[in-house]
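*Asks:* Okay, here's the prediction I keep looking at, along with the sequence it came from:
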Amino acid sequence: MADSGKRPFWMHQLVEYILGVALLASGMQSPQPIVPSLLGGIIIMHAAITRGSLAAFRIIDRRLHRVLDPFIIGLQFFAAVQPWVSVDNGTRAIIAAIAVVHAVVWVGSSYTEKKKLPKSATAGAAPSTPKPAATPAEPADRATSLGQSAGRFVGSGVRVVRNAKAKRAGE
């Protein structure tokens, strides 16, 4: 489960994919596309190789991802101010803004992984202690609370439609 107040890791990966695509798109619009395109590719590959629900390759674990993120953010800031490769000022501003967003996402993300059950517990035998369910009064996190609220809303709408149909059929 995600730490209290932290966004789950799948959101972190999704934001990294979006930031990488934004840098690639910025590179396509830039007269000098090498720097934003390279940075976009690095961010996308970094998200793709990390174990998580949106990973493509699952090569590195989340703890290593957590350590490497500041280096990638620093690389973005360095690329925004470096004088050696020509980059127009608008693209530099976009690179710096994306680096700031990436830093905010890094600070607010949970890197915890789900604990795997031992094979003996999953081999058909029921676990001896039942899992505690999140009660409506105490949801596990904001995402769970939002999901429960949406489910109740949809359920009440379905109930209203069914009651209306039954009323029409009975008349």
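*Replies:* It's in. Numbering: from 1, shown residues only.
*Asks:* Now do the strands in this structure.
*Replies:* Here the chain has no strands by DSSP state E.
*Asks:* domains in it, as residue ranges please.
*Replies:* 9-107, 143-171 (automatic domain parsing).
*Asks:* Next, the distance between the ends of the first one.
*Replies:* Between the start and the finish of domain 9-107 there is a gap of 12 Å, counting by CA to CA, to the nearest Å.
*Asks:* so how far is it from its chain's centroid?
*Replies:* Computed by CA atoms, centre = their mean, to the nearest Å, the chain-centroid distance of domain 9-107 equals 14 Å.
*Asks:* And the last one, by the same measure?
*Replies:* From the chain centre to the centre of domain 143-171 is a distance of 30 Å (CA atoms, centre = their mean).
*Asks:* before we move on, back to that, format the domains of the chain as JSON lines; extra columns: distance to residue 116.
*Replies:* The C-beta positions use only the backbone N, C-alpha and C, and glycine is treated the same way. Compiled in JSON lines, the domains of the chain are given as follows (distance: least, CB to CB, whole Å):
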{"stretch": "domain 9-107", "distance to residue 116": "12"}
{"stretch": "domain 143-171", "distance to residue 116": "21"}
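*Asks:* which of these is buried the deepest?
*Replies:* Highest mean neighbour count of these: domain 9-107, a mean of 17 (counted as mean count of other CB atoms under 10 Å).
*Asks:* need the contact list for residue 166.
*Replies:* Contacts here follow CB atoms under 8 Å, 6 or more residues apart in numbering; on that basis residue 166 touches nothing.
*Asks:* ok, now how distant is it from residue 160?
*Replies:* Per CB to CB, to the nearest Å, residue 166 is found 11 Å from residue 160.
*Asks:* returning to that earlier point: export the domains of the chain as TSV, with columns for mean pLDDT.
*Replies:* Compiled in TSV, those are given as follows (pLDDT from 0 to 100):
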stretch	mean pLDDT
domain 9-107	96
domain 143-171	82
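*Asks:* And the ones you listed: which comes nearest residue 114?
*Replies:* Taking CB to CB, domain 9-107 is the member of the domains of the chain nearest to residue 114, at 9.9 Å.
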